[in-house]
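> all I have is the shape, not the residue letters:
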């Protein structure tokens, strides 16, 4: 079955370390997205990519970086410059226009100690 | 710009009660509209969608009708169950590609259903 996989489910890191969250999809979707969700909050867009080797900043890109070297993969790196990285991170994918909606992964909960 | 406004929660209901979660939108064109559901600790799942005016999306007893005249897409269910306890997000997409193709989400409404 096609889907979108995020790994790991839980991630712990020490303050000051960079960490990379994985997101892989086998839906043949062109577009991929990263969102951050804080407790009791909505979704905030970090980065998105509509085609391989291209990506755009979302609303809260500072302290994050991404790459899109393959259509299937869109990893997110949380850098030490991110002031408050502890959060739930969601990856999603869609056909290029987004009109059919997004398919979401199950999320990665990052805790920085 | 485009936006989605949904009723603030939390909403607490007894089992078998009627549910309405209001959602209104602002868009320049003819967006597609969506409801997503998020269970605790999980990602979002598409619950239902509608792509044009007067369309009714339905799934698992939930319904929502795309009302262009009132720019609304209210979520309803006739008889909620404890298992419906979750956070519900309304969203829209203009679907033109570029950043306009991105989904715009409401802030979410938390529903708690008591036995």
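That came in fine, so what should we check first? All figures in this text were calculated on a predicted structure; none of them were measured in a lab. Numbering: from 1, shown residues only, chains lettered A, B, ... in the order given.
> ok, which residues in chain A are in contact with chain B?
A:6, A:31, A:33, A:40-43, A:45, A:48, A:50, A:56, A:90, A:92, A:94, A:96-107, A:109 (Cβ under 8 Å from any Cβ of the partner chain). To be clear about C-beta, it is placed using only N, CA and C from the backbone, and glycine gets the same treatment.
> now list the buried members of those.
By neighbour count, with 16 or more other Cβ atoms under 10 Å in any protein chain shown, the residues of chain A next to chain B hold A:6, A:31, A:33, A:43, A:45, A:48, A:50, A:90, A:92, A:94, A:97-107 as buried.
> mark which of these are part of strands, please.
A:6, A:31, A:33, A:43, A:45, A:48, A:50, A:90, A:92, A:94, A:103, A:104 (DSSP state E).
> now the second one: how far from residue A:96?
Using Cβ to Cβ, to the nearest Å, residue A:31 is found at 6 Å from residue A:96.
> same check, this time on the third one
Distance of residue A:33 to residue A:96, given as Cβ to Cβ: 12 Å.
> contacts only, for residue B:64.
Residues in contact with residue B:64 (Cβ atoms under 8 Å, 6 or more residues apart in numbering or on different chains) are B:23, B:33, B:35, B:48, B:50, B:56, B:57, B:58, B:73, B:74, B:75, B:76.
> find the nearest non-adjacent residue to the first one, please.
Nearest residue to residue B:23 in three dimensions, chain neighbours excluded: residue B:90, at 3.6 Å (Cβ to Cβ, 6 or more residues apart in numbering or on different chains).
> how far away is that neighbour from residue B:83?
According to Cβ to Cβ, residue B:90 stands 21 Å off from residue B:83.
> neighbour count for these two, which is higher?
Ranked by neighbour count (other Cβ atoms under 10 Å in any protein chain shown), residue B:90 and residue B:83 place residue B:90 first, with 28 against 10.
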